[in-house]
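[1] Got a sequence here, can you model it:
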Amino acid sequence: MTTAAHRADLRGLIWFYVLATAVTWVCYIPLVLDAHGRLSIDLDLQSLLGLTAIMAPTLTACVLAAVRGGRGELRRLLDMAVRVRFAARWYLVVLLVPFAVPLAAVAVESLLSGTAPAAWLVAPTTWTLATFWIAAVGEDLGWRGYALTRALGQWGPVKASVVHGSLWALWHLPMFFMPGTAQNDQMFPMFVLQLIGATMIFVRIFIGTGGSVAAMMLMHATANLAFNTVPVFATEGGNPTRAALVSVIYLVAGVVALATLPRRTSPTAGVTTVTEAA
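    Numbering: from 1, shown residues only. This next block holds a predicted model:
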């Protein structure tokens, strides 16, 4: 990658982080005020603001790709979302890991407390079944397709995971002030560790699948479903110890995932990434 292209990617990356976060926060601030009785918003406007907040990363990525790279860049970004031809083992990873982590947290907490869990799984609500995929659609084309690609080109897998994961956590910050959310059940520093670990796993899968955002979306949606069916957070019958263990286990799993990366590197589509055979 030339110096000019490197700087252009960095500018695009910064624009994404700033705009996606700003739009989401602007939408969530009225919702937070309403939740705490300091503002009154009707349900239709609440729904519109909430949906816009969640969709902000994908919408921001599409706008930036089109404005900065034209139709061809936008097409390449959208193509990543339908890239579903990759090795079957990655399908197993994206479907199993999101459940394995919270189940491991329940198991470890049970060992530490000396008491058997009341339940390993709880029935998902109708609302969960209707919405668990929305965050994946709204976030991953932006956070993974547009931003992670550029972050890897700027910093490599380890530093990109730390920087990108931390900023992804910061994007969620308003949700910590919304009663009933999974974020409201956690401490923000632990959540940062959780998303750094999750980003490490995303990086490993992203590289292993040849840049498939479809794989990222599938793992993200599965994680949301797992968090609403495994009693880890208080809203699902869990407790603070389990919530903290989820963060620790995600971080450990992320470190292990990056440790399995092959050492060969090659430039791909203007971005230096690690590559491997599918």
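[2] Now find how far off-centre stretch 149-157 is within its chain.
    In terms of C-alpha atoms, centre = their mean, to the nearest Å, the centre of stretch 149-157 is found 16 Å from the chain centre.
[3] what mean pLDDT would you report for that stretch?
    Across stretch 149-157, pLDDT averages out at 95.
[4] Likewise for stretch 206-215?
    The average pLDDT for stretch 206-215 rounds to 96.
[5] What's the end-to-end length of that stretch?
    With C-alpha to C-alpha, to the nearest Å applied, stretch 206-215 spans 8 Å between its terminal residues.
[6] Where is the longest helix in the protein?
    Criterion DSSP state H: the longest helix present in the chain is helix 43-80.
[7] For the residue nearest the centre of the chain, I want the exact helix or strand it lies within.
    Centroid-nearest residue in the chain, with C-alpha atoms, centre = their mean: His220, separated by 6.1 Å. Secondary structure from DSSP states H and E places His220 in helix 213-227.
[8] After that helix, which helix or strand is next?
    Next helix or strand after helix 213-227 toward the C-terminus (DSSP H and E): helix 240-259.
[9] which parts of that next one are buried?
    Residues of helix 240-259 classed as buried under the neighbour-count rule (16 or more other C-beta atoms under 10 Å) are 242-251, 253-254, 257-258. (Each C-beta comes from the backbone N, C-alpha and C, glycine too.)
[10] Stretch 67-75 too?
    73-74.
[11] So what's the predicted local confidence for the residue of the chain most remote from its centre?
    For the chain, the largest distance from the centre (C-alpha atoms, centre = their mean) belongs to Gly114, which lies 32.8 Å off. We have a pLDDT of 93 for Gly114.
[12] Got the phi and psi for it?
    Backbone torsions of Gly114, given as degrees, to the nearest 10, read phi 80, psi 20.
[13] could you check the distance from it over to Asn239?
    Going from Gly114 to Asn239 by C-beta to C-beta, to the nearest Å gives 14 Å.
[14] ok so, going back, so what does the helix holding His220 touch, helix or strand wise?
    On a contact count with 3 or more C-beta pairs under 8 Å, 6 or more residues apart in numbering; DSSP states H and E, helix 213-227 meets helix 88-113, helix 134-140, helix 188-208.
[15] mind checking how far the shortest one is from the chain centre?
    Counting by C-alpha atoms, centre = their mean, helix 134-140 is centred 8 Å from the centre of its parent chain.
[16] Kindly report the same for the first one.
    On the basis of C-alpha atoms, centre = their mean, helix 88-113 sits 17 Å off its chain's mean C-alpha point.
[17] List the buried residues in it.
    If you call a residue buried by 16+ other C-beta under 10 Å, then helix 88-113 has these buried ones: 90, 93-94, 97-99, 101-106, 108-109.
[18] you'd agree Ala65 is up against Leu74?
    Yes: with contact defined as C-beta atoms under 8 Å, Ala65 reaches Leu74; the gap is 4.5 Å.
[19] quick one: common contacting residues for these two?
    When contacts are counted by C-beta atoms under 8 Å, 6 or more residues apart in numbering, the set common to Ala65 and Leu74 is empty.
[20] still on that earlier bit, what residues does the helix holding His220 touch?
    Identification of contacts with helix 213-227 by C-beta under 8 Å, 6+ apart yields 80-84, 86, 90-91, 93-95, 97-99, 101-102, 124, 128, 132-133, 135-137, 139-141, 144-145, 182, 198, 201-202, 205-206, 209, 233, 236.
[21] Give me the buried subset of those residues.
    Buried members of these, counted by 16+ other C-beta under 10 Å: 80-81, 86, 90, 93-94, 97-99, 101-102, 132-133, 135-136, 139-141, 144-145, 182, 198, 201-202, 205-206, 209, 233, 236.
[22] With distance to Thr58 as added columns, please give the helices and strands packed on helix 213-227 in a markdown table.
    Below are the helices and strands packed on helix 213-227 laid out as a markdown table (distance: least, C-beta to C-beta, whole Å):
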| stretch | distance to Thr58 |
| --- | --- |
| helix 88-113 | 19 |
| helix 134-140 | 5 |
| helix 188-208 | 15 |
